[in-house]
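Asker: Sequence and computational prediction follow.
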Amino acid sequence: MLFAEHSARVPLIMAGPGVAQGQAANACLLVDLLPKIVKIGGGSLDMFGMPVDGRLLSPLAREEDGGCSEAIGEYCAEVTGHPVFMIRWGYMKYFHRDSDPAQLYDLTNDPWELENLADHSAYRLIAEGFAKEVMQRWDSAGLRDKVIGTQKN
């Protein structure tokens with residue numbers, strides 16, 4: 001129900017042949033495990049017959065950044081009257097809910113997410129980029145209508 005780092009961040013530990021020692025700062029999601037597990041097992045994502053969410057984590061295991069450090073979250077269940085969306089790019093994290101002001105945090109300088117930078121002039125372009133991404137990824141009003149519709153039964 002909460003995308004704050006202290007409640008949502010789970011360490012991912014990988015070990016084995018070809019896995020470099022050390023830490024990667026990249027964000028990833030639990031759905032990123034499926035492609036890796038399928039590959040380790042000798043399978044292919046084509047076996048599912050449909051697109052599969054998640055990205056292959058092998059480049060991170062080999063310390064190849066690949067430039068991708070993204071985490072996406074959405075919450076549409078109890079205790080929220082509107083869907084809550086979260087996008088994390090690198091060390092910047094953004095929250096959107098139609099009923100609340102946007103929230104933007106710089107996790108490098110504010111790991112406890114205490115200072116909302118969404119309206120800070122130095123972060124204006126970053127906040128606008130996140131807001132645009134939210135609008136491209138989700139139809140918040142449509143999703144809310146669907147969720148409310150399922151609750152009426």
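Answerer: That came through fine.

Asker: all contacts plus neighbour counts: C-alpha atoms, from now on.
Answerer: Noted.

Asker: for this protein, what helix or strand is lowest in average pLDDT?
Answerer: Lowest on mean pLDDT, DSSP states H and E among the helices and strands of the chain sits helix 58-61, with a mean of 71.

Asker: other SSEs contacting that one?
Answerer: Helices and strands touching helix 58-61, as assessed by 3 or more CA pairs under 8 Å, 6 or more residues apart in numbering; DSSP states H and E, are absent.

Asker: what's the longest helix belonging to the chain in contact with?
Answerer: In the chain, taking DSSP state H as the definition, the longest helix is helix 124-137. For helix 124-137, the external contacting residues (CA atoms under 8 Å, 6 or more residues apart in numbering) are 85, 87, 94, 96, 104, 118-119.

Asker: sorry, back to before: buried stuff in the least confident helix or strand of the chain?
Answerer: For helix 58-61, the buried set under the neighbour-count rule, 16 or more other CA atoms under 10 Å, comprises 58, 60-61.

Asker: Just give me the closest of these to M14.
Answerer: For the buried residues of helix 58-61, the residue nearest M14 by CA to CA is A61; the value is 7.1 Å.

Asker: Touching, that closest one and G22? I think so.
Answerer: No. Proximity of A61 to G22 does not meet the contact threshold set by CA atoms under 8 Å, at 9.2 Å.
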